[in-house]
Every structure is written in C-alpha cells, then in structure tokens.
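# pasted the sequence and its predicted model underneath.
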Amino acid sequence: MTFADRLASVTACPGVVALAIADREGIPVESFGPEASQAEELVAEYTGFLREVLSANRELAIGELQQVMVSGSQRVIVVTFITPEYFLFTVVEAAGNPGKARFASRIAAWRLRPEFV
C-alpha cells in the first residue's frame, strides 16, 4: 500500500487542497493534491512554529502532542503527528469540511506510523 493509498480518505474530504508528509527539519517526504507545491512552502514556514509548540508542550508536561490546527478565514491547516519526527500537513479550504479532514488525518497518521518507525 502506497502513501497515496493511505491518504485517500484525507484527499477525498471536501475542501482538501494539499497534503504533505514532512520530517521535523521541514523537509517534505512527499506531497499530494492540486496545490502540493503550496504544501511544501507551508511545511517550510511552519516547522519553526512546530518546534516552539513542541518545546512548550514538553515544559508544560501535557503529554505527547498529536495534532495542531491553525484556522484562518480562508484555509485551515491541520498538522497531525505520525511519529515525533514526522508530520502530516493537511490544507483545507475553510468552506470545505475541516472537521472531517482533521479526523481523517488522525486515522491516516495511524496507518502511516509503521512506515516511519
């Protein structure tokens, strides 16, 4: 089963325009969707932000971080942790279904986890 197969339920969600799997350094492993190039740019920009969130999370002893969501007026970004070293970035149009994409991202990350351990 390929990455694309494991992500099919996410890409089928209404409003999903891009997906990217990336490592903690911001290097995309693979990207999908009609705006895949934008997902790669997003990964580069948000990696520093995620480092800060992870650091704060450790200091506050909240537990292992599973998902971060950033909601804007036009798009929603869902970052789902596959492992502590790899993330799944999902970009959804605000008029789409971000909730469904968020849920599908969690399931997809769980399915991808054995590939990254």
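All right, it came through fine. Since the structure is predicted, the reported quantities are computational estimates derived from the model, not experimental observations.

# could you measure from the residue nearest the centre of the chain over to D5?
Nearest to the geometric centre of the chain sits F89, at 2.2 Å (CA atoms, centre = their mean). F89 is 18 Å from D5, where distance means CB to CB, to the nearest Å. C-beta here means a position set from N, CA and C on the backbone, and glycine is covered the same way.

# go on, R106?
In terms of CB to CB, R106 sits 17 Å off from D5.

# can you check Q67 too?
Counting by CB to CB - Q67 and D5 are separated by 22 Å.

# which of those two has more neighbours?
Counted by other CB atoms under 10 Å, Q67 and D5 do not tie: Q67 has more neighbours, with 15 against 9.

# contact partners for the more buried one?
For Q67, the contact set (CB atoms under 8 Å, 6 or more residues apart in numbering) comprises V78, V79, T80, F81, R102, S105, R106.

# in those residues, which residue is surrounded by the most others?
Busiest of the contacts of Q67 [other CB under 10 Å] is S105, holding 27 neighbours.

# give the rounded mean pLDDT of the strand or helix carrying it.
Using DSSP states H and E, S105 sits within helix 98-116. Mean pLDDT, computed over helix 98-116, is 95.

# who's in contact with that helix?
Counting by CB under 8 Å, 6+ apart, 3, 6-7, 9-10, 12-16, 21, 66-67, 69, 71, 76, 78, 80-83, 85-86, 88, 90, 92 sit against helix 98-116.

# one step back: TSV for the contacts of Q67, including distance to E35?
Output for the contacts of Q67, formatted as TSV (distance: CB to CB, whole Å):
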residue	distance to E35
V78	15
V79	16
T80	18
F81	22
R102	18
S105	16
R106	22
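
# ok, the residues you listed vs E40, which is closest?
Within the contacts of Q67, the smallest distance to E40 is 14.1 Å, found for V79 (CB to CB).

# what sits against the closest one?
Contacts of V79 (CB under 8 Å, 6+ apart): Y46, L50, Q67, V68, M69, V70, F87, L88, F89, T90.
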